[in-house]
Structures are given as structure tokens and as C-alpha cells.
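S.K.: Fold the following and give me the result.
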Amino acid sequence: MADAKKPKKEAPEAPEERINEDTRDQEIVELTLDLQRTRADFENYRKRVDAEKVAARESGQASAILKLLPVIDNIERAIAYTPEDLKDNSWVQSVAGLVKHLEKSLDSLNLTRIDAKPGTAFDPELHEAIQFDEDATGEHDVVAEELQAGYMLNGHVIRHAMVKVTKQ
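M.R.: This is a model prediction of the structure:
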């Protein structure tokens, strides 16, 4: 009876079985690594495709807006040069309202006008100097006059503000 309680010793594994088990374990490790690499590659691909979609959408949006900006410029010029005797005309006032409505629509697209009021510090990343007052003296370059409005879309300049620069 004492022999019945002792655990039985298993027969030692044959060398072929041990080699097969080691090979199988190695194959499992290799397949697991391959699967992890494939998952990582797919995740990188998905992120790249998502980024490309966003870039294409923003590029299309910027392209469409750039085609509208000359129309906005012309409307603003027409309003700025309205003769005094027509300023109270209801048609002229409705055109001015159209510009405000258009600007509100463009704001909803994250299009903002670059600040180029006289006295604003000249920034070559935002402003394009078309004229420079050579006779002015001072330490800092500032905007003397905005010649054409500039715009930023989603924080990126899509058209620089054309300005006349002076020193102050």
C-alpha cells in the first residue's frame, strides 16, 4: 500500500518529442511577433490614412475659400468707395449686410482675417510688404496701411495681408 501512495514517475520524454515541443514553442513565439508587427503596421496605416483624409479635406476647403476671397475683396472695395449720396440707399445697405453675413459664414469655417490695421507690428509670417516708407525713422517696422486683407484657415496662413510698412 505504501507503493500505491507514491506518485508515479512519468517516463522521460523522448528526445524527438522535446525537439518538437521546442520547435512548436519557437513557432508560436515567431507567429506572435509577426501578428504584433502586422497589427502595428495596420495601426500606422490607419493613422496615416486618417491624417491624409484630414489634409485633403483642409486642402479642398482652402482651395474653395481662396477662390471666394477676390469676390469678398471686390465687395469690400465697392462698399468702401460708395459715393456719399448713395450711403443711405437701401440697396447699398443690403450689400453691406451681405458682406457681414459672408464674414459670419467664413468664421464658421475657421477662417479669420489677419490683423493688419495701421500701427500693428509688421510680421513677415502674416504680412507681405508691398510698399515701404523709406523716409520714416524709428526702431520698429509697423503696418502703415492694409492694401489687401490676409486670411488664416485653421491657424495656417492661406493668404498673407498685403501692407505698406513704415518705421515707428
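S.K.: Okay, the nearest residue to residue 82 once chain neighbours are set aside and residue 70: tell me how far apart.
M.R.: Nearest residue to residue 82, sequence neighbours excluded (CB to CB, 6 or more residues apart in numbering): residue 92, at 5.5 Å. (Glycine included, C-beta is placed from N, CA and C.) Separation of residue 92 from residue 70 (CB to CB, to the nearest Å): 21 Å.
S.K.: Compare neighbour counts for the two and give me the winner.
M.R.: residue 92 (15 against 10; other CB atoms under 10 Å).
S.K.: what's the more buried one in contact with, if anything?
M.R.: Shown in contact with residue 92 (CB atoms under 8 Å, 6 or more residues apart in numbering): 79, 82, 86.
S.K.: Quick one: neighbours of the first one, just the number.
M.R.: Under the neighbour criterion other CB under 10 Å, residue 79 is assigned a count of 15.
S.K.: I'd say it and residue 99 touch.
M.R.: Yes: judged on CB atoms under 8 Å, residue 79 makes contact with residue 99 at a distance of 6.4 Å.
S.K.: Residue 79 belongs to a helix?
M.R.: Yes: the assignment for residue 79 by DSSP: H, G, I helix; E, B strand; the rest coil puts it in a helix.
S.K.: With adjacent residues omitted, what lies nearest to it?
M.R.: residue 96 (5.3 Å).
S.K.: which SS class is that neighbour?
M.R.: Per three-state DSSP, residue 96 ends up helix.
S.K.: Mind pulling the model confidence for it?
M.R.: With respect to pLDDT, residue 96 scores 83.
S.K.: Please report how far it lies from residue 72.
M.R.: In this view, residue 96 and residue 72 are 13 Å apart by CB to CB.
S.K.: same question, residue 155
M.R.: According to CB to CB, residue 155 and residue 72 sit 20 Å apart.
S.K.: Who has more neighbours out of these two?
M.R.: For residue 155 versus residue 72, the count of surrounding residues by other CB under 10 Å is larger for residue 72: 17 against 7.
S.K.: how about that one, what does it touch?
M.R.: 99, 102-103, 106, 149.
S.K.: for the record, mean pLDDT for whichever strand or helix holds it?
M.R.: According to DSSP states H and E, residue 72 maps onto helix 15-80. The pLDDT scores in helix 15-80 average 90.
S.K.: which of the contacts of residue 72 are buried?
M.R.: Buried subset of the contacts of residue 72 (neighbour count, 16 or more other CB atoms under 10 Å): 106, 149.
S.K.: Need the max-distance pair from the contacts of residue 72.
M.R.: Spanning the widest gap among the contacts of residue 72 are 102 and 149, at 12.6 Å by CB to CB.
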